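**Q** with the input below, show me the fold.
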Amino acid sequence: MKIFRIHGPFLFGATDKIRPILNEIDRLPAVVILRLRNMTALDATGLKALEELAAAMRQSKRHLVLCGARHQPRP
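**A** Residues are numbered from 1 along each chain as shown. A predicted model of the protein is given here:
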């Protein structure tokens with residue numbers, strides 16, 4: 001198991017925070033936890049990056065656990 005964290009807003013321009021995980025996906029353990037407790041905001045670009053990460057993890061036969069996400073304000 002390996003744990004990654006996202007701190008601060010995960011908006012357009014910050015989605016490169018996911019790149020290190022994708023770059024080493026073949027070396028990751030079977031379970032990866034992405035802690036979102038300190039992620040203060042999420043936009044559509046950030047959500048798309050998380051979806052792409054989840055798809056890549058699924059394709060590599062690994063499990064992704066998202067935890068600690070805060071409620072987002074309604075538009």
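
**Q** okay, strands next: where are they in this structure?
**A** Remark: strands of the chain, listed N- to C-terminal, are 2-5, 31-35, 63-67; assignment by DSSP state E.

**Q** in contact with L66, which residues?
**A** Applying Cβ atoms under 8 Å, 6 or more residues apart in numbering to L66 gives the contacts L34, L36, L50. Yep, even glycine has a C-beta here, placed from its N, CA and C like the rest.

**Q** tell me the most buried of the strands of the chain?
**A** Comparing the strands of the chain on average neighbours per residue, with mean count of other Cβ atoms under 10 Å, the densest one is strand 31-35 at a mean of 17.

**Q** my read: C67 touches N38, true?
**A** No: contact status for C67 versus N38: not in contact, 11.7 Å apart, counting by Cβ atoms under 8 Å.

**Q** tell me the bridge partners for I33.
**A** The residues listed as beta-bridge partners of I33 by DSSP bridges are I3, V65.
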